[in-house]
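Peer 1: what's the 3D shape of this:
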Amino acid sequence: MCKPNSEQPIKLDLERWDRWVQWIEKVRIDLKSALVDRTVFRGFSDIVSDNRAWIAEHYGGRFCEFVARAYVARVAAAVRRHSRSHKDAITLTGILEQMERCAPQLTFDFFLERFPGGGEAHFTQSATFKYVSQDGRVASEALIRQDIDELQRLTTKVEAFVDKELAHLDRKGLATPATFNDLDSALDALDQMACKYLTLLTGGHRDALAGTIQEPWEEIFTVPLIKPQSA
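Peer 2: Numbers count the residues shown, from 1 in each chain. Sure, this is the predicted structure:
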């Protein structure tokens, strides 16, 4: 259920829009790094799964557990950074909450001034503006609030894990432990929402933040990690 932001509206002008553009770019860089880390971790997990006996024979279990713990801590912290707004920090949720407060001022005319052009460009911008507008003329607080609520719904378990087990040792602990599926769902939600608002704020369409890793990073597992003395 949507609930209105109780804070007072804030002024929307070119300076604020440019600030959002700068912030969403920093969000993109941060989340892309976490998503690339997930790609690497999944590849590492596949290698471990295919070589369990060999790894166990060479006492590799402790190292593999270290990698898993480090990955979980790193990505969970990235999710926590963007799941809520913070007064002195750049977060995805913080950008959305500011946009929600500016919604009545965010008109399609104002949007077109950021991305001028006729014909096909106008059609594209009209479709993009409807990400946050019900009538195509002015942004909707309700639609942006829906995005905020959905983001928080999908990140709440990871947020609780960071707050109660990673950053602090809560006396009560977690009633329901977070899982790798929870971590994936939270990261996917942030990825999709960041792409949506990147498209809106920058005019460049994106389906996903993480690109393909170009270098053959798995090659390191085909050679000894410690260089032989004779090499």
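Peer 1: quick one: pLDDT of the closest residue to Leu92 other than its chain neighbours?
Peer 2: Leaving out its chain neighbours, the residue that sits closest to Leu92 by Cβ to Cβ, 6 or more residues apart in numbering is His82, at 4.0 Å. All C-beta atoms are positioned from the backbone trio N, CA, C, and that covers glycine. His82 is assigned a predicted lDDT (pLDDT) of 95.
Peer 1: Let me see the contact set for His82.
Peer 2: 27, 30-31, 91-93, 155, 190, 194 (Cβ atoms under 8 Å, 6 or more residues apart in numbering).
Peer 1: now Arg74
Peer 2: Counted by Cβ under 8 Å, 6+ apart, Arg74 has contacts 34, 37.
Peer 1: In the helix or strand hosting it, which residues are buried?
Peer 2: Element membership of Arg74 [criterion: DSSP states H and E] is helix 61-83. Buried residues in helix 61-83, counted by 16 or more other Cβ atoms under 10 Å: 64, 71-72, 75-76, 78-83.
Peer 1: Then stretch 128-138?
Peer 2: For stretch 128-138, using 16+ other Cβ under 10 Å, the buried residues are 128-130, 132-133, 138.
Peer 1: Can you tell me what sits against stretch 100-108?
Peer 2: Under Cβ under 8 Å, 6+ apart, the answer for stretch 100-108 is 5, 7-12, 16, 99, 126, 129, 132-133, 136-141, 144-145, 148.
Peer 1: Could you grab the helix/strand/coil label for Ile226?
Peer 2: Of the three states, Ile226 takes coil under DSSP: H, G, I helix; E, B strand; the rest coil.
Peer 1: What score does it have for pLDDT?
Peer 2: Ile226 carries a pLDDT value of 88.
Peer 1: Also Glu165?
Peer 2: So, for Glu165, pLDDT stands at 84.
Peer 1: still on that earlier bit, tell me the one of the buried residues of helix 61-83 nearest Gly43?
Peer 2: Among those, Tyr71 lies closest to Gly43 (Cβ to Cβ), at 11.6 Å.
Peer 1: Excluding residues flanking it in the chain, which one is nearest that closest one?
Peer 2: Phe41 (4.5 Å).
Peer 1: Run a quick neighbour tally on that neighbour.
Peer 2: Counted by other Cβ atoms under 10 Å, the residues lying close to Phe41 total 18.
Peer 1: you'd agree it is up against Ala70?
Peer 2: No: counting by Cβ atoms under 8 Å, Phe41 does not reach Ala70; the two are 9.2 Å apart.
Peer 1: what helix or strand is Asp191 on?
Peer 2: Residue-wise, Asp191 maps onto helix 180-202 under DSSP H and E.
Peer 1: List the buried residues in that helix.
Peer 2: For helix 180-202, by 16+ other Cβ under 10 Å, it's 182-183, 185-187, 189-202.
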